[in-house]
Structure formats: structure tokens, C-alpha cells
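>>> test case, fold it:
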Amino acid sequence: MDYKTVVDAGCATVFLDGRLAYGVYPEFRAATLAALDHPSTTRIQLDMSGVTFLDSSVLGMILYFRQRAQAAQKELAIVRPSAQVDEVLKIVNFSKLVPILS
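Alright, predicted model coming up:
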């Protein structure tokens, strides 16, 4: 997994690339916590346009991160999911838990 974070106008966008599975937890945590800890952000977006694979453990990581974001009074959304990710998110009805913006 590769990632980069861009902060602009109170929004931190974490661009995620590659395969997201259980083994990426350290990188995922580093990326999301850095965005969460940025003092000027009120919104965090996980840009998944470059994600080629997503497993259920990552869905759990996103839900855990959502809890952390809510505790910090910051909004979280998934943006531009790739076709593969979008299919998984629709199957598990993830949009009821985290907003998904195409």
C-alpha cells in the first residue's frame, strides 16, 4: 500500500493506492492518524481511486478510524472508490456507516 496526504482548506485527503488487506494496518494507521491529528482539519477523505483490492479487515480499520474521527469531531468520507472497491462497499452496504462520494 502506498499513500500520501494532502491538506487543503480544512480537508485532509488521504490518497490510498494498491492492495488493502490486513497486513497494511501499520501504514493505514499512520496515514489516517496523521490526517486526524492535523490541527486545521475538520474533514477527512479517504480517496480510494487507486485501490485495487480491499478485504474485510480494512473495512474494520475504516470503522475504527470513523470512531476516532467522530471523537475528534471531524467528518469522514470515502471518495472516488475504484470499481472493485465500490462493488465491495455496495455489497456490505457500507454507505450507511460512512458517506461514499463518487
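
>>> so where do the helices sit in the protein?
Counting by DSSP state H, the chain has helices at residues 25-37, 56-71, 83-91.

>>> who wins for proximity to S49 among these?
Proximity to S49, assessed across these by Cβ to Cβ, is greatest for helix 83-91 (8.6 Å). (Glycine included, C-beta is placed from N, CA and C.)

>>> gap between the closest one and the chain center?
The chain centroid and the centroid of helix 83-91 are separated by 14 Å under Cα atoms, centre = their mean, to the nearest Å.

>>> show me what it is packed against.
Identification of packing neighbours for helix 83-91 by 3 or more Cβ pairs under 8 Å, 6 or more residues apart in numbering; DSSP states H and E yields strand 43-54.

>>> for A77, give the beta-bridge partners.
A77 has these beta-bridge partners by DSSP bridges: Q45.

>>> surely it meets L46?
Yes: A77 lies in contact with L46 (Cβ atoms under 8 Å); the separation is 7.4 Å.
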